[in-house]
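Asks: sequence first, predicted model second:
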Amino acid sequence: MGAAMSKRLKLLSAPEAEMEERSFPNPYPDWEPQDPSADAADQRNEPLDAEGKMSPVFQKKVQNKIKDLLQQMEEGLKTADPHDFSAYTGWTGIALLYLRLHRVSQEALHLQRALEYVKRATRVLNGRKVSFLCGDAGPLAVGAVVHHKLENQAESRDCLSRLLQLQHSVLSPDSDVPDELLYGRAGYLYALLYVSKELGAEAVDEATLSKVVTAIVESGKSFSAEQKKSERCPLLYQWHQKQYLGAAHGMAGIYYLLLQPAAKVHPDVLSELVRPSIDYIRRKRFRSGNFPSSLSNESDRLVHWCHGAPGVIHMLLMAHQVFKEDKYLKEATECAEVIWLRGLLRKGYGICHGTAGNAYAFLSLYKLTQEKKHLYRSCKFAEWCLAYGTHGCRIPDRPYSLFEGMAGTILYLSELADPQASCFPAFEL
Ligand SMILES: [Zn+2]
């Protein structure tokens, strides 16, 4: 850091300095309402036209960038850790990227690539973790889906049955499996919901689904009772001795999964346990509209999918759909304001703690409200990602991976071809 810069930082109050370090100031003008009959030359909401449609020139730029980044990623993956099978940083994540590209392109080659990568993953499973993102459930679930699409029914069934066998360690009362999404039961629940969505609801029997949901609910109830919080937050969770709030390790991620209609959580559980717990989290919100990373953390610093508003927003949007109350949507919209201001991250362009992951918040809001402002903002964050590598961001440890690196950015860019079908991988359904 240069002398001039450090002098400037000293002049700022501490939180401002912190913000300045973690994100870039957003250089883009915000969306402005526009008269649809306005002159076509009025480009104030570029890349959206006066009718709110994405310009073909912008779409072409995105397509070209996807091709360019895919090439760089393939080259970079030649030196990636051969034993990392995970969806988070390993081979399964790359398979998920190609599955998504296949959905958009319908090119057989993309499905073939997905197969090659998921096979690499399933060959090196280690039986240590049960979640979709970091455990064996991810490769097995993705394997079941890829084989199903290729009509390799025997292989698909084999992956599915191995996935279902993992429930024994998920449900075992003396297991030390946590509840959060990244390593825990919510991550296993996601795997079950993902295969049900892709293969048909009959792929996972209701008894299994119900046992996993019950295990998550009971664990939250008992920890809440232990902490004497049953009144205020009836479902309380911790990970590594911290009561995290965000999507990756915390309560927002767990509640988000429990709110999924396909999880078939009993309406009484939703209204008496999940809803008051969500309301408890809402009260922990910072004045800025952002959320703390954990209940013990008072500083308004992180604006990532894993910690902060970009993860919590998905829970709020789901709560709005399930409980039909406007306060959830209102707060989700306020999350989007924070993300717009502080979401161009110095940590990079990835989806766990990078700009692309933050941009998914706008797409999710757009899907629900159809407001062009959110589509515009998601395009502007994509525009930032088109200049991949030019902002002097930190290089992640696994620079080509789905959750930390380039594969995640490519996946996000590919969503712009069909924003209504966009879906945060390993999280949204
Ligand atoms: Zn992260």
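Replies: Done, it's in.
Asks: how about the nearest residue to residue 29, chain neighbours excluded?
Replies: residue 44 (7.2 Å; Cβ to Cβ, 6 or more residues apart in numbering). C-beta here means a position set from N, CA and C on the backbone, and glycine is covered the same way.
Asks: let me know how buried the one you found is, in neighbour terms.
Replies: 12 (other Cβ atoms under 10 Å).
Asks: so which helix or strand takes in it?
Replies: Assigned by DSSP states H and E, residue 44 falls within no helix or strand.
Asks: for it, what are its contacts?
Replies: Residue 44 makes contact with 29, 32, 34, according to Cβ atoms under 8 Å, 6 or more residues apart in numbering.
Asks: could you do residue 291 as well?
Replies: 245-246, 252, 281, 284-285, 308-309, 312, 335.
Asks: point to the helix or strand of this structure where mean pLDDT is at its lowest.
Replies: Here the helix or strand of the chain ranked lowest by mean pLDDT, DSSP states H and E is helix 3-11, holding a mean of 42.
Asks: do you know the pLDDT at the residue of the stretch 151-300 of the chain found nearest the ion?
Replies: Distances between the stretch 151-300 of the chain and the ion by Cβ to the ion are smallest at residue 248, namely 5.9 Å. Listed pLDDT for residue 248 reads 97.
Asks: that one should be in a helix, yeah?
Replies: No: using DSSP: H, G, I helix; E, B strand; the rest coil, the assignment for residue 248 is coil, not a helix.
Asks: chain neighbours aside, what residue packs nearest to residue 264?
Replies: The shortest distance from residue 264 to any non-neighbouring residue, by Cβ to Cβ, 6+ apart, is to residue 209 (6.4 Å).
Asks: in which helix or strand does that neighbour reside?
Replies: helix 206-226.
Asks: following the chain onward from that helix, which element is next?
Replies: Once helix 206-226 ends, the next helix or strand along the chain (criterion: DSSP H and E) is helix 251-258.
Asks: quick one, that following helix and helix 206-226 angle?
Replies: 150 degrees (axes from the mean of the first three to the mean of the last three Cα atoms, to 10 degrees).
Asks: now helix 251-258, how far from the centre of its chain.
Replies: 12 Å (Cα atoms, centre = their mean, to the nearest Å).
Asks: let me see the mean pLDDT of that helix.
Replies: Helix 251-258 comes out with an average pLDDT of 98.
Asks: that helix near the ion at all?
Replies: No: when contact is scored as Cβ under 5 Å from the ion, no part of helix 251-258 falls within range of the ion; the minimum is 11.6 Å.
Asks: just checking, what packs against that helix?
Replies: In terms of contacts (3 or more Cβ pairs under 8 Å, 6 or more residues apart in numbering; DSSP states H and E), helix 251-258 is packed against helix 185-199, helix 206-226, helix 275-282, helix 309-323.
Asks: hang on, the earlier thing: if you rank the contacts of residue 44 by neighbours, which is first?
Replies: Greatest neighbour count in these, by other Cβ under 10 Å, goes to residue 34: 17 neighbours.
Asks: give me the pLDDT for that one.
Replies: pLDDT, residue 34: 76.
Asks: that one and residue 45 touch, don't they?
Replies: Yes: between residue 34 and residue 45 a contact is recorded at 5.9 Å, counting by Cβ atoms under 8 Å.
Asks: mind listing what's buried in the helix holding residue 209?
Replies: 209, 212-213, 215-217, 219-221, 223-224 (16 or more other Cβ atoms under 10 Å).
Asks: now the contacts of residue 44 in TSV, with distance to residue 148?
Replies: Output for the contacts of residue 44, formatted as TSV (distance: Cβ to Cβ, whole Å):
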residue	distance to residue 148
29	45
32	46
34	45
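Asks: please name the nearest non-neighbouring residue to residue 181.
Replies: residue 253 (3.9 Å).
Asks: er, residue 57 actually
Replies: residue 47 (7.5 Å).
Asks: what number of neighbouring residues does that neighbour come out with?
Replies: 21.
Asks: residue 379 too?
Replies: 26.
Asks: same question, residue 255
Replies: 28.
Asks: residues contacting it?
Replies: 235, 274, 277-278, 281, 315, 319.
Asks: try it again with 10 Å
Replies: By Cβ atoms under 10 Å, 6 or more residues apart in numbering, the residues touching residue 255 are 186, 216, 220, 235, 237, 247, 270, 273-275, 277-278, 281, 312, 314-316, 318-319.
Asks: same deal with residue 374?
Replies: For residue 374, the contact set (Cβ under 10 Å, 6+ apart) comprises 31, 333, 336, 340, 361-368, 419.
Asks: filter those down to the ones in helices?
Replies: The members of the contacts of residue 374 that map onto helices under DSSP state H are 333, 336, 340, 361-368.
Asks: so which of those wins on neighbours?
Replies: residue 361 (30 neighbours).
Asks: go ahead and confirm that residue touches residue 315.
Replies: No: using Cβ atoms under 10 Å, residue 361 is not in contact with residue 315, being 11.4 Å away.
Asks: overlap in contacts, the two.
Replies: Between them, residue 361 and residue 315 share the contacting residues 332, 335, judged by Cβ under 10 Å, 6+ apart.
Asks: returning to what we had before: pipe the ones in helices among the contacts of residue 374 into TSV and attach distance to residue 415 and pLDDT per row.
Replies: Shown next, in TSV, are these (distance: Cβ to Cβ, whole Å; pLDDT from 0 to 100):
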residue	distance to residue 415	pLDDT
333	20	97
336	16	98
340	18	98
361	12	98
362	11	98
363	6	98
364	11	98
365	14	98
366	11	98
367	10	97
368	15	97
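Asks: filter those down to the ones near the ion?
Replies: Of the ones in helices among the contacts of residue 374, not one also sits near the ion (Cβ under 5 Å from the ion).
Asks: and of those residues, the nearest to the ion?
Replies: For the ones in helices among the contacts of residue 374, the nearest to the ion is residue 361 (14.2 Å; Cβ to the ion).
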